[in-house]
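Peer 1: just coords:
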């Protein structure tokens with residue numbers, strides 16, 4: 001495989017056909033996967049730690065140059081097959097399904113078989129067929145993902161998650177639905193999507209841009225989106241606006257690969273607005289928050305636990 005094609009794949013500029021060829025090349029041998037791993041490490045050492053932030057304007061996420069070049073070795077294994085596994089979802093059709101799991105503290109960008117692009121957040125899992133079916137493009141998500149769907153009116157793009165379902169033809173949207181969390185949100189940046197709640201499939205919502213569907217007390221409600229700050233996670237940012245202390249600590253746990261135990265619940269009465277990069281690290285983030293309110297924290301590095309009081 002030509003190195004030029006590997007670099008295009010790493011940068012996310014390769015075509016759908018080139019992606020298919022490289023995926024097949026990776027599956028052919030362990031040596032090929034080791035070669036790709038070496039190329040990722042090379043890019044990792046030559047890419048600046050400070051990357052441009054994707055600005056949000058009029059509900060659209062603008063491209064950020066070379067954002068996903070700096071990928072940890074664990075993420076490479078996800079793409080190349082280390083974390084991924086294959087299984088048969090239907091014994092009759094023997095359809096091969098690819099499952100990608102993103103560990104805590106990481107993000108990954110990938111291209112689906114139809115050319116659509118997906119960004120997966122930490123602790124997220126996406127399962128999709130290697131070749132989409134003749135009727136639709138279906139997949140299963142647990143966690144958070146941002147989709148830029150390639151338009152195809154004849155084949156609806158359907159995302160099944162633990163608490164809901166989102167159907168689109170060609171659009172940009174974000175789904176947040178972790179199995180361990182009560183939150184379900186589908187946010188639309190561009191196009192149109194149809195949203196259903198698994199608890200009551202008869203209830204449907206047709207979303208238009210700059211709106212989100214939120215599951216509240218078992219019912220889907222539409223809320224306007226006037227601030228796209230929190231969706232900067234695809235740029236490696238933890239961004240929050242008027243969020244409680246405990247909710248921010250939950251984000252830190254997901255992004256910084258630690259367990260945070262807050263002993264003083266009185267801290268949750270404070271609200272914060274700000275942003276940190278994943279690369280800032282949890283100690284820096286906590287020290288910044290200490291400038292606004294008084295609290296102490298200690299670490300147990302062996303157990304990967306931070307105690308806050």
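Peer 2: Noted; the coordinates are in hand. Just so we're clear, the structure is a prediction, and the values are computed from it rather than from any experiment. Numbering: from 1, shown residues only.

Peer 1: Pop the domain breakdown of the protein in here.
Peer 2: Using automatic domain parsing, the domain parsing of the chain gives 84-224, 236-308.

Peer 1: Please produce JSON lines containing those, extended by distance to residue 19, mean pLDDT and mean neighbour count.
Peer 2: (Each C-beta comes from the backbone N, C-alpha and C, glycine too.) Formatted as JSON lines, the domains of the chain follow (distance: least, CB to CB, whole Å; pLDDT from 0 to 100; neighbours: other CB atoms under 10 Å):
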{"stretch": "domain 84-224", "distance to residue 19": "5", "mean pLDDT": "88", "mean neighbour count": "17"}
{"stretch": "domain 236-308", "distance to residue 19": "23", "mean pLDDT": "88", "mean neighbour count": "15"}
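
Peer 1: In a markdown table, list those along with distance to residue 1.
Peer 2: Putting the domains of the chain into a markdown table (distance: least, CB to CB, whole Å) gives the following:
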| stretch | distance to residue 1 |
| --- | --- |
| domain 84-224 | 17 |
| domain 236-308 | 28 |
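
Peer 1: The longest strand seen in the chain: partners in the sheet, and parallel or antiparallel?
Peer 2: When the chain is parsed with DSSP state E, its longest strand is strand 137-148. Partners of strand 137-148 in the sheet, by DSSP bridges, are strand 117-120 (antiparallel), strand 125-129 (antiparallel), strand 157-160 (parallel), strand 172-177 (antiparallel).

Peer 1: what's the closest of the domains of the chain to residue 25?
Peer 2: domain 84-224 (14.5 Å; CB to CB).

Peer 1: what's the spacing between that closest one and its chain's center?
Peer 2: Domain 84-224 sits 11 Å away from the centroid of its parent chain (CA atoms, centre = their mean, to the nearest Å).

Peer 1: same deal with stretch 256-276?
Peer 2: 22 Å.
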